[in-house]
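*Asks:* coords please:
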Amino acid sequence: MSSSTSSGVIFGRVIKLGDNVDTDLIYPGKYLTLVKPEEWATHALQGLDPGFPQKLRPGDIVVGGKNFGCGSSRSQAVSCLKYAGVGAVVAVSFARIFFRNAINVGLPVLQCDTSGIGEHDELEIDLGAGEVRDLTTGVVIPFVPLPPVMVTILNDGGLVAHIQKHGDFKLD
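*Replies:* Below you'll find the predicted structure:
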């Protein structure tokens, strides 16, 4: 399955994580000297498992528990997931800075009950309807709706792409 936000619908396979996944687990600090985003992608989630980058497939949806992205404010933690091809991150709650960084780079981040979502389930996320559909189990989970401006920024590919497309930060 592949990920797409151009239609506001994202499809992907679940990579299930737990609570309190901090930015050092997402992107270990020892790689902060790397400057190329393509290199960041090769270390995504390596703090959890050294072989994790090889397990990620384009379009995968990372599913976490409470407090996803806590820890330092390193933007590489979000960017490495985006460049690794992660289609979205779904969690019970997010650290505030991680959430904002994700929207800014065009990585959808959605808050909902993730307890019923299983490893390798196939999900369909409808940004417009505010629903996560677990295609494996048939369960539909509502998520905290994103403000329309955030959906627009995501559909445009992130804040920089949004500004390039519109010439400025148009919010209408």
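
*Asks:* For Val78, pull up the helix or strand it's in.
*Replies:* Per DSSP states H and E, Val78 falls inside helix 76-83.

*Asks:* which helices and strands sit right next to that helix?
*Replies:* Applying 3 or more CB pairs under 8 Å, 6 or more residues apart in numbering; DSSP states H and E, we find helix 76-83 packed against helix 23-26, helix 37-41, helix 96-105. In this view, the C-beta of every residue, glycine as well, is placed from N, C-alpha and C.

*Asks:* Please tell me how far Pro50 sits from Val9.
*Replies:* Plainly put, Pro50 is 33 Å away from Val9 if you go by CB to CB, to the nearest Å.

*Asks:* who's more crowded, these two?
*Replies:* Neighbours were counted for Pro50 and for Val9 using other CB atoms under 10 Å; Val9 has more, 15 against 11.

*Asks:* Flag the shaky bits of this structure, pLDDT-wise.
*Replies:* Scanning the chain for pLDDT under 70 picks out the ranges 1-7, 170-172.

*Asks:* What ranges does it have for its strands?
*Replies:* 9-16, 61-63, 88-91, 109-111, 122-126, 131-134, 140-142 (DSSP state E).

*Asks:* Hmm, Gly47 is touching Tyr31, no?
*Replies:* No - judged on CB atoms under 8 Å, Gly47 makes no contact with Tyr31 at a distance of 9.7 Å.

*Asks:* More neighbours: these two, which one.
*Replies:* Using other CB under 10 Å, the more surrounded residue of Gly47 and Tyr31 is Gly47, with 20 against 16.

*Asks:* what are the phi and psi values for that one?
*Replies:* Gly47 adopts backbone torsions of phi -70, psi -20, taken as degrees, to the nearest 10.

*Asks:* Give me the spatial nearest neighbour of it, chain neighbours excluded.
*Replies:* In this structure, Gly47 finds its nearest non-sequential neighbour in Leu25, 3.6 Å apart by CB to CB, 6 or more residues apart in numbering.

*Asks:* mind listing what the one you found touches?
*Replies:* By CB atoms under 8 Å, 6 or more residues apart in numbering, the residues touching Leu25 are Leu45, Gly47, Leu48.

*Asks:* Next one: the second one from Lys30, what distance?
*Replies:* In other words, Gly47. 9 Å.

*Asks:* same question, the first one
*Replies:* Applying CB to CB, the value for Leu45 to Lys30 is 14 Å.

*Asks:* looking at the helices and strands packed on helix 76-83, which is buried most?
*Replies:* Stretch with highest mean neighbour count among the helices and strands packed on helix 76-83: helix 23-26 (a mean of 22; mean count of other CB atoms under 10 Å).
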